[in-house]
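Engineer: Can you look at this prediction? I've put the sequence above it.
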Amino acid sequence: MTEVLSLIPTTVLGYYTFKATSHPTSRIRKRMPNVKLKRVQVFPVLRVYLFGRVFHLHHWFLFSILLILSIFASIGILDLVFTRGMLLGGIIQGLTLPKGHRKIVYRDFSYESLVSPSERK
């Protein structure tokens, strides 16, 4: 029971941390540099350009995999309640975005417009 109670504040912290840093219109997100290596953007988002499409691996998708993995395997930092709370907060924040922001495969926009943090017109 105490583990669940300690999970709540870290989930809230994770939610607000990712709300402030990952939303495309966030001031913090706009100041982060874009790190690209040819057809792969690795920071601040993970995107891969393949076959004329852009595959965007959202933080909520990757965090879901990590959270499920942490339940079944004790792997260092993933075993901590704080880490699980942050992952859960990031998942909740990502899934509260409008459906258009949760797409994984983009094919109608140019790669450069997806890489830039400014909003599409």
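Structural biologist: Right, received. Where do you want to start?
Engineer: Sketch out the low-pLDDT regions of the protein for me.
Structural biologist: For the chain, the stretches with pLDDT under 70 are 108-121.
Engineer: what residue is smack in the middle of it?
Structural biologist: Geometric centre of the chain, nearest residue: H59, 1.7 Å, by C-alpha atoms, centre = their mean.
Engineer: quick one: that one and S74, what's the gap?
Structural biologist: Distance, H59 to S74, using C-beta to C-beta, to the nearest Å: 23 Å. Just so you know, the C-beta spots here come from the backbone N, C-alpha and C atoms, and that holds for glycine as well.
Engineer: now swap in L97 and tell me
Structural biologist: For L97, the distance to S74 - C-beta to C-beta - is 31 Å.
Engineer: again, but for V105
Structural biologist: Applying C-beta to C-beta to V105 and S74 gives a distance of 34 Å.
Engineer: and if you look at R39?
Structural biologist: Taking C-beta to C-beta, one finds R39 at 36 Å from S74.
Engineer: Excluding chain neighbours, give the residue nearest to V42 in space.
Structural biologist: Nearest non-adjacent residue to V42, counting by C-beta to C-beta, 6 or more residues apart in numbering: V35, 5.2 Å away.
Engineer: Run a quick check on S70 versus R84, I expect a contact.
Structural biologist: Yes. S70 is within contact range of R84, at 6.0 Å (criterion: C-beta atoms under 8 Å).
Engineer: For the two, list the residues in contact with both.
Structural biologist: Counting by C-beta atoms under 8 Å, 6 or more residues apart in numbering, the shared contacts of S70 and R84 are L78.
Engineer: Which residues are in contact with the residue nearest to P33 when sequence neighbours are not counted?
Structural biologist: Excluding its sequence neighbours, the residue lying closest to P33 (C-beta to C-beta, 6+ apart) is F43, at 7.1 Å. Going by C-beta under 8 Å, 6+ apart, F43 touches 32-35.
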